[in-house]
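Participant: This is a predicted model, with the sequence first.
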Amino acid sequence: QVQLVESGGGLVQAGGSLSLSCAASGRSTYAMGWFRQAPGKEREFVAAISRSGGSTDYGDSVKGRFTISRDNAKNTVYLQMNSLRPEDTAVYYCAAAGPTPYSGRYYSQSGQYRYWGQGTQVTVSS
């Protein structure tokens, strides 16, 4: 069982920046992703990164503003969020895809992820 612990959420003004972290337990590394869910809305894909870190993908609403990265030595994935907007307000979830032989593959569908963190609240005020 992999445990994911997110940190770094909080309150920020529009135009500001926040950085989220997600630390995974154990030594195994997996393709990772970030999703978010705002009240009354479905869970939305934000960003994904391959196990190797060499491939990434982003949701259309965050392209050019958010950056996903990882440090496999620390088994941690990061989400740098810049130029934040009120519509970015949501609970942000970290997810791990589970074992795969494909180190260069990333996943953008929530059903492709096996493990999920508890979520961290991000609130952007206007």
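Facilitator: Sure, I can see it. Numbering: from 1, shown residues only.

Participant: In space, what's closest to the residue nearest the centre of the chain - neighbours in sequence excluded?
Facilitator: By C-alpha atoms, centre = their mean, the chain has its centre lying nearest to W34, at 2.2 Å. In this structure, W34 finds its nearest non-sequential neighbour in V46, 4.2 Å apart by C-beta to C-beta, 6 or more residues apart in numbering. C-betas here are computed from N, CA, C, even on glycine.

Participant: in what helix or strand does the one you found lie?
Facilitator: Assessed by DSSP states H and E, V46 sits inside strand 44-49.

Participant: So which residues make contact with that strand?
Facilitator: 31-38, 55-59, 61-62, 66-70, 77, 79, 90, 92, 106-110 (C-beta atoms under 8 Å, 6 or more residues apart in numbering).

Participant: residues of that strand that come out buried?
Facilitator: Going by neighbour count (16 or more other C-beta atoms under 10 Å), the buried part of strand 44-49 is 45-49.

Participant: Looking at D57 now. What's its pLDDT?
Facilitator: Per-residue confidence (pLDDT) for D57: 97.

Participant: Please tell me how far it sits from K63.
Facilitator: Distance, D57 to K63, by C-beta to C-beta, to the nearest Å: 9 Å.

Participant: how about the strands of the chain, start to end?
Facilitator: For the chain, the strands defined by DSSP state E cover 4-7, 10-13, 18-24, 32-37, 44-49, 56-58, 66-71, 76-81, 90-96, 115-116, 120-125.

Participant: Send me the fourth one as CSV with only the CA atoms.
Facilitator: In CSV, the C-alpha atoms belonging to strand 32-37 read as follows (Å, rounded to 0.1, in the frame of the first residue of the first chain):
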residue,chain,number,x,y,z
MET,A,32,2.2,10.5,-10.8
GLY,A,33,-0.6,13.0,-11.3
TRP,A,34,-2.4,15.9,-9.8
PHE,A,35,-6.2,16.3,-10.0
ARG,A,36,-8.5,18.9,-8.4
GLN,A,37,-12.1,19.1,-7.4
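
Participant: if we can go back for a sec, please list only the buried members of the contacts of strand 44-49.
Facilitator: By neighbour count, with 16+ other C-beta under 10 Å, the contacts of strand 44-49 hold 31-36, 57-59, 62, 66-68, 70, 77, 79, 90, 92, 106-107, 110 as buried.
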